[in-house]
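Undergrad: Based on what follows, work out the 3D shape:
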Amino acid sequence: MIKILILFIMFFLHIYDDYRAQGIMASMKQKKWWRENAPWDIYGKYDKDYLMALFEHAFSWSFTITIPWLIVAFITKNPICIVLLIIFYIVNTAIHGIIDNEKANKLSINLIQDQILHFIQIILTWAVFTTMMIGVF
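TA: As a prediction, the model looks like this:
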């Protein structure tokens, strides 16, 4: 039962971080926001600034959705869980950034597709951690 609770917590944390916590990042990860709001002499030199906003949001999201597993790792002192967390921070950050770029800049996917892909990320992350933590629960 705790495993299902963790999955629901991960979904809640996703909703929180992908919507509520984003704030100005939702705009700043769009190339067009920089074209419209940054002084051209600065933006012309640094036309990749949106990538930093994409990375920062993706890292925040990756960290946030794995908070339940971070707690489990510290309680159990399970080194495998800690190593997995680091790997999943890196992998989920990259994947989340790519997905958000497809939606925000390339306009190749819509919000529903974006969210389905993020849900798949969550479910896969949950499944791997749940499998690795057999015997802990």
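
Undergrad: how about the helices in this protein?
TA: Using DSSP state H, the helices of the chain run over 2-15, 25-28, 31-37, 40-43, 49-65, 67-76, 79-104, 111-132.

Undergrad: mind putting those helices in TSV, mean neighbour count and mean pLDDT included?
TA: Just so you know, the C-beta spots here come from the backbone N, C-alpha and C atoms, and that holds for glycine as well. Converted to TSV, the helices of the chain look like this (neighbours: other C-beta atoms under 10 Å; pLDDT from 0 to 100):
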stretch	mean neighbour count	mean pLDDT
helix 2-15	15	96
helix 25-28	17	89
helix 31-37	14	85
helix 40-43	11	66
helix 49-65	20	95
helix 67-76	16	90
helix 79-104	17	93
helix 111-132	15	95
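
Undergrad: hang on, isn't residue 97 packed against residue 54?
TA: Yes - with contact defined as C-beta atoms under 8 Å, residue 97 and residue 54 form a contacting pair (4.8 Å).

Undergrad: need the contact list for the spatially most central residue of the chain.
TA: The chain has residue 61 as the residue nearest its centroid, 3.1 Å off, counting by C-alpha atoms, centre = their mean. Each residue near residue 61 by C-beta atoms under 8 Å, 6 or more residues apart in numbering is listed here: 14, 17, 18, 92, 93, 96, 118.

Undergrad: Understood, closing this out.
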